[in-house]
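>>> how would this look folded up:
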Amino acid sequence: MSHPRFPPDDPERRRWQDPERVLAAIGVVPGMTFLDVGCGEGYFALPAARRVGASGRVCGIDINGEAVTRLRDRAADAGMDWVSARAGAAEETVLCSGCGDVVFFGICLHDFSDPGRVLRNARRMVREGGVLADLDWHAREMPIGPPREKRFPPEYALALIREAGFHLPSLQDCGPYHYLILARPGP
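Numbering: from 1, shown residues only. Predicted coordinates for the structure are as follows:
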């Protein structure tokens, strides 16, 4: 889901949310399969595609079909044929079964109508040994981002992630406005 106020190549956004720094914190490396849930126009998907390279794979899903088309076009223009994306509701979609090294949510978990169901779908998509990564807004007043009452405090996001079958979560600040949760699939 692209943020309406920040286009995918906005240099101002890169100052407070550097996708390369986020992907490095997650541990995205060549050859991985990176699944971007709420991919929008590819703010994270395209840098992830550069990191995983042709030996890897990036798949995205977003409810906004126009954003998905722009992501596909941008990937094609860059010669990244290992990038795919589809329009659809994440509540209704499982991109693959047990294939994701990383299942990523980039500032969007709070946007889904049923975040618990989306996370259960993520659990089905992540491979054993893979990681769920949730980057989201801190639940405090700040000059940008969604209204504070819409944001998930990290404790709430952690509870949802655990309920969906993930364990061993870690929580860290990720820039001035966000936190990053990394969690592993449970037994």
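
>>> can you give me how far stretch 41-49 is from the chain middle?
10 Å (C-alpha atoms, centre = their mean, to the nearest Å).

>>> Other residues contacting that stretch?
Stretch 41-49 is touched from outside by 2, 7-8, 13, 19-20, 22-23, 28, 34, 36, 39, 56, 58, 60, 67, 70-71, 74-75, 78, 80, 82-83, 85, 102, 104, 106, with contacts defined as C-beta atoms under 8 Å, 6 or more residues apart in numbering. Glycine gets a C-beta too; all of them are placed from N, C-alpha and C.

>>> measure it end to end?
Taking C-alpha to C-alpha, to the nearest Å, stretch 41-49 runs 13 Å from one end to the other.

>>> quick one: average pLDDT of the longest helix seen in the chain?
Under DSSP state H, the helix in the chain containing the largest number of residues is helix 65-77. Helix 65-77 shows a mean pLDDT of 96 in the predicted model.

>>> Any of the contacts of stretch 41-49 buried? List them.
Neighbour-count burial (16 or more other C-beta atoms under 10 Å) applied to the contacts of stretch 41-49 gives 2, 8, 13, 19, 22-23, 28, 34, 36, 39, 56, 58, 60, 67, 70-71, 74-75, 80, 82-83, 85, 102, 104, 106.

>>> quick one: which of these sit in helices?
If you go by DSSP H, these have Arg13, Pro19, Val22, Leu23, Ala67, Arg70, Leu71, Arg74, Ala75 in helices.
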